[in-house]
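**Q** using only what follows, build the 3D model:
(chains A, B and C)
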Amino acid sequence: MTTCAKPEDNAATPAGAPGSAFLSVRDLYVHFSTEDGIVKAVDGLSFDLERGRTLGIVGESGSGKSVTGLSVLGLHDPMHTETRGEILLDGQEMTGAGEKTLEKLRGNKVAMIFQDSLTALSPYYTIGRQICEPYRKHTGASRRAAWARAVELLGRVGIPQPKLRAHDYPHQFSGGMRQRAMIAMALVCDPELLIADEPTTALDVTVQAQILDLLSDLQQEFGSAIILITHDLGVVANTADELLVMYAGRAVERGTVSEVLRAPQHPYTWGLLTSMPRLESDVSEALTPIPGAPPSLLATPTGCPFHPRCGYPAEVGGTRCEDERPLIGPGRGSACHLSAGQKRSLFIEQIKPRLG
Amino acid sequence: MATPEGILPSPRDDAAPAAAGEALLSAEGLTKHFPILGGFPFRRKVGAVQAVDGIDLTVRAGESFGLVGESGCGKSTTGRLLTRLLEPTAGRITYRGEDITHANRKQLAPIRSEIQMIFQDPYSSLNPRQTVGTIISGPMEINGLNPPGGRERRVRELLETVGLNPEHYNRFPHEFSGGQRQRIGVARALALEPRLIVADEPVSALDVSIQAQVVNLLQELQRELGIAFLFIAHDLAVVRHFSQRVAVMYLGKVVEVGDRDSIYRRPRHPYTHALLSAVPEAALTDADEEGGGRERIRLAGDVPSPVSPPSGCRFRTRCWKARERCAESEPLLVRVAGNRVGHLTACHFPEDPTTAADAREEAVVLDPALRGVRQPSSPSGV
Amino acid sequence: MLRFLVRRSLGALVIIFLICAITFFLFFALPSEPALLACGKNCGDPALIEQINRNLGLHEPVPVQFWHYVVGIFAGRDMEVGNCPAPCLGYSFNDSQPVWETILDRYPTTLSLAFGGAAVFLVTGVAIGMIAAARRGTATDKFFSSLSLIGNSLQIYFIGVIAMWLFVDTWGVFDRPEYFPLTENPAKWFGGMLLPWLVLSIIFIANYSRMTRSQMIEQLNEEHVRTARAKGMSGRTVFFRYAWRGAIAPIVTIVGIDLGSLFGGAMITEFTFTLHGLGRLAVNSVTENDLPMLMGVMLFSCTAIVIANIVVDALYAYIDPRVRLS
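**A** Residues are numbered from 1 along each chain as shown, chains lettered A, B, ... in the order given. Okay, the predicted model is just below:
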């Protein structure tokens, strides 16, 4: 099996050296200029991801989670987008990289899976051809070798009769099969980083379970790092190692999955957990929704963007939540002015009992 | 949502109020086949999509009845049949004892006001050119209803009931967020003081934090106004939270129906069981953390086409328990041994009545074939 | 595919038949007396008019006439004027020539005008649209947008006359528009048709460039185009392979309709450049109450439009596998 040729210009950086993350995002700002003004889709985001690990990015619509994924690949329209900050992929700077450099990385070292496999695959070309294309481009393989590789991968992701099905068009596949095909397309060049943007949102639960299993299996086999972008805490709970909760373009909480889900620190994370019914929760207990609606990214609230919907500015005291933007450091932490002790006691006394 | 006393419209106080628990809307052998046209040289019916195929169900007055299943199982079609937005191919629909299966427009008019619908997409189910006031008073106008104090006052009351500012009477839908738009849809449904609301995926287009707001609102309406709900959704946890009785559909059939507890704690149909085990949940307790606890069943493959569903039991092609008998005869929806009253299962080889909850605690794997749970090696589960 | 074509052709026959019937009956609903036109000076003589009516077959009830007409198309028919072989569309009231032959005589002009014009406006219009889409928002895009707006508001009879005056009469850079059979002298044919093609194209170019631009922009915003970029396809591949493939389907549909109507004759262009094509024939037959000629041209144009539509549908299925395989 041929491996894809990786760009050589990063050979200088000691890849995988201890402490140096494979993907490192620092102070990322992604602003879109629209007719209504500047949309601050991502507003000062930092995170790290190690090889072979899975980072779950969780947030609601408009939290900037998908925009973050796309900006790693430089897929935003440069005409209307201002991207600032640092995205270091294996030591290589991505934000200032030219289109040619990015083209060599896309689909090769970094691949992406999208939510809606029906619209995300071209309706005009066969599945096999769409899988072949990045392989041929990045490896220079012959048509025949690329086709064989496509069939091999279709089999690998669990498409029955891959030889036949490679000749099918996307609309001839079921939703789950199409998502498998998209995964095959993403894996065709053994990417070191896989960005999955809501990969199971359009699927039914039983198929979702199949796809999540497939992703973990493949990660063990290929050793890729994965960014799993989703709105569903349940999806990341079983799949991710680390978790980043986003709100209004910023990270509000981060930590390992078990840290964040077992002892969440940020009132927004609390809100997400208490507003979701669970299969074991007490049905006589009403859900506790987060009041209000997510803010407009044209005019994000000052200070902590969550303060208009938060129940605890009084606990912090003064107008600190309105005035001062809370910071979040690397590692376990949350962007909230509450003290560590307050976070712990509020969670244990008020939130945990509601989670049953 | 705190609703001030007296703002909630009073429950219907007609001459004959439907007593709680009495059958409100029921279906027997309800069937909908969508014809497929084809053939040569002239198009004719060459087959049918068996969207709904002979289902029985009853929604009782004041209760919330949940209908769950995956896409294409026929749950939305069922909702549209029951509200007579679609014409059934066969079967019988009765509303408060009256056969409305083939009732015409005129006969349906009084019933239409008692059964209202809420839709999934709050963006497309509201006319963007009408103000909120016009949208909500629309049903009253059509039905010639003149509430005391006038329609406008009633609309303002309704806005308050659903948690919107009555001052927003003259605003247009685009000025509201997704959750608020869904509230407008709810207010419109309430305008005629319905006995039954058919809610088709009312929260699935909303963000998690907003979902809870709408679920709470609906729950309040159900409890305080005694409105019955047919709650159609694919989210098992939301249905469990909202509905006292639940029916599970698969490929146009009801495979299991019963009380919330029976269905979620003692699922007897393998499909229900698999569905429940596939729901990903945010792990929070130590038991979850150590893994093992939650049993996982992975169904292989896809749902077969409703054009030519499998013979016998429709689930058999994906069922790990399927035997010859499953292909030969269709299992009836009956109370199988070990079921509680009202819990019906359509399966020849039902799951052990051991509760799922017990299984979780004791790490019991119900089927030896599934020990270790993940189906081995093959990533596809094919 | 074959089934599809056969089914569509059957449908097309029904449509053509209906259009024929409607035209036929409408003609007789009009207060006209065709015989009066044919009789010339002797019109005072009722016997003569009677004779002419008999010659033309106008003495029979209209449905019977229609029946003879339809049968004639397939089997030929014997008329007072002589035997008319299939496909028989009758004889002109006006000059007593067989309609079919007149149409065959005029058709090459129309066909040349239509195909040549289409070639010009397709190539130019689509190219401009693609350039504008690739540079959307830039000065180039805005320049082409303004041009297309101007082009759209121009009229053929206006620019046609000016172009004739400037390019032919004053500067002499173009040949005087005239039809020469392609088979006899290709160079003269090209020279004679060039100016009409360019003038005819101007309005179409405006339309096609705008449509191509909007289709391309729509396609470039499609998710599958983003996927193609996400897998490392070059900008050129994304533009020409992924976006373009999606944009052609609607363009092909419109081309089919436009070509179909051009086959029926581009009246204004023909009049402007004094070309003798179907459009002119149609207009003349209306003004002269020449029923057989009018019917013949109608029938011919309808068939052209219907065939163009069938071809478009077939092409559409070829372009879009979702149509082909469902």
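**Q** only C-alpha atoms for contact and neighbour calcs from this point on.
**A** Will do.
**Q** what about residue C:23, how many residues nearby?
**A** Neighbour count of residue C:23, defined by other Cα atoms under 10 Å in any protein chain shown: 17.
**Q** helices or strands next to the one helix or strand it maps to in the packing?
**A** Assessed by DSSP states H and E, residue C:23 sits inside helix C:2-29. Here helix C:2-29 touches helix C:62-75, helix C:291-319, going by 3 or more Cα pairs under 8 Å, 6 or more residues apart in numbering or on different chains; DSSP states H and E.
**Q** helix/strand/coil for the residue in the stretch 1-150 of chain C that chain A sits nearest to?
**A** Using Cα to the nearest Cα, residue C:137 is the residue of the stretch 1-150 of chain C that sits closest to chain A, at 9.1 Å. Following DSSP: H, G, I helix; E, B strand; the rest coil, we place residue C:137 in the coil state.
**Q** now do the same contact list for the closest residue to residue B:71 other than its chain neighbours.
**A** Leaving aside its sequence neighbours, residue B:71 sits nearest to residue A:204 (Cα to Cα, 6 or more residues apart in numbering or on different chains; 6.7 Å). Applying Cα atoms under 8 Å, 6 or more residues apart in numbering or on different chains, we find residue A:204 in contact with B:70-71, B:234.
**Q** got the helices and strands packed on helix C:2-29 as JSON lines, with mean pLDDT, mean neighbour count and distance to residue B:211 columns?
**A** Shown next, in JSON lines, are the helices and strands packed on helix C:2-29 (pLDDT from 0 to 100; neighbours: other Cα atoms under 10 Å in any protein chain shown; distance: least, Cα to Cα, whole Å):
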{"stretch": "helix C:62-75", "mean pLDDT": "83", "mean neighbour count": "16", "distance to residue B:211": "68"}
{"stretch": "helix C:291-319", "mean pLDDT": "86", "mean neighbour count": "20", "distance to residue B:211": "42"}
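**Q** quick check: which of the ones you listed is nearest to chain B?
**A** helix C:291-319 (16.0 Å).
**Q** and that closest one, how far out from the chain middle?
**A** Distance of helix C:291-319 from the chain centroid (Cα atoms, centre = their mean, to the nearest Å) equals 9 Å.
**Q** again, but for stretch A:325-336
**A** 19 Å.
**Q** give me the contacts around stretch A:228-241.
**A** Contacts for stretch A:228-241 (Cα under 8 Å, 6+ apart): A:53-61, A:65-66, A:69, A:195-199, A:201, A:212, A:216, A:243, A:256-258, A:261, B:208, B:279-283.
**Q** now do stretch A:70-89
**A** Counting by Cα under 8 Å, 6+ apart, A:22-34, A:93-95, A:102, A:106, A:110, C:226, C:229-230 sit against stretch A:70-89.
**Q** which ones among these are found in strands?
**A** When DSSP state E is applied, the contacts of stretch A:70-89 are split such that A:23-34, A:93, A:110 fall in strands.
**Q** show me how to select, in PyMOL, the buried members of the residues you listed.
**A** Buried members of the ones in strands among the contacts of stretch A:70-89, defined by 16 or more other Cα atoms under 10 Å in any protein chain shown, are picked up in PyMOL with:
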select buried, chain A and resi 23+24+25+26+27+28+29+30+31+32+110
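**Q** and the ones in strands among the contacts of stretch A:70-89, which two are furthest apart?
**A** A:23 and A:34 (29.5 Å; Cα to Cα).
**Q** coming back round to it: what is the nearest of the ones in strands among the contacts of stretch A:70-89 to chain C?
**A** Checking the ones in strands among the contacts of stretch A:70-89 against chain C by Cα to the nearest Cα gives residue A:110 as the nearest, at 8.5 Å.
**Q** need the pLDDT of that closest one.
**A** pLDDT, residue A:110: 94.
**Q** you'd agree it is up against residue A:196?
**A** No: in this structure residue A:110 lies outside contact range of residue A:196 using Cα atoms under 8 Å: 10.8 Å.
**Q** from the ones in strands among the contacts of stretch A:70-89, list the ones also adjacent to chain C.
**A** Among the ones in strands among the contacts of stretch A:70-89, not one lies near chain C by Cα under 8 Å from any Cα of the partner chain.
**Q** what's the helix or strand for residue A:203?
**A** Taking DSSP H and E as the definition, residue A:203 sits outside all helices and strands.
**Q** swap in residue C:133?
**A** In the assignment (DSSP H and E), residue C:133 maps to helix C:99-134.
**Q** could you tell me the angle between that helix and helix C:62-75?
**A** Orientation check (axes from the mean of the first three to the mean of the last three Cα atoms, to 10 degrees): helix C:99-134 against helix C:62-75 gives 80 degrees.
**Q** grab the most central residue of chain A for me.
**A** Nearest to the mean C-alpha position of chain A, by Cα atoms, centre = their mean, lies residue A:229 at 2.8 Å.
**Q** could you find the closest non-adjacent residue to residue B:334?
**A** In space, and not counting its chain neighbours, residue B:334 is closest to residue B:344: 4.7 Å by Cα to Cα, 6+ apart.
**Q** and the helices in chain A?
**A** A:65-72, A:99-105, A:117-120, A:127-139, A:143-156, A:162-165, A:175-187, A:205-222, A:233-239, A:257-262, A:267-275, A:313-316, A:320-323, A:340-346 (DSSP state H).
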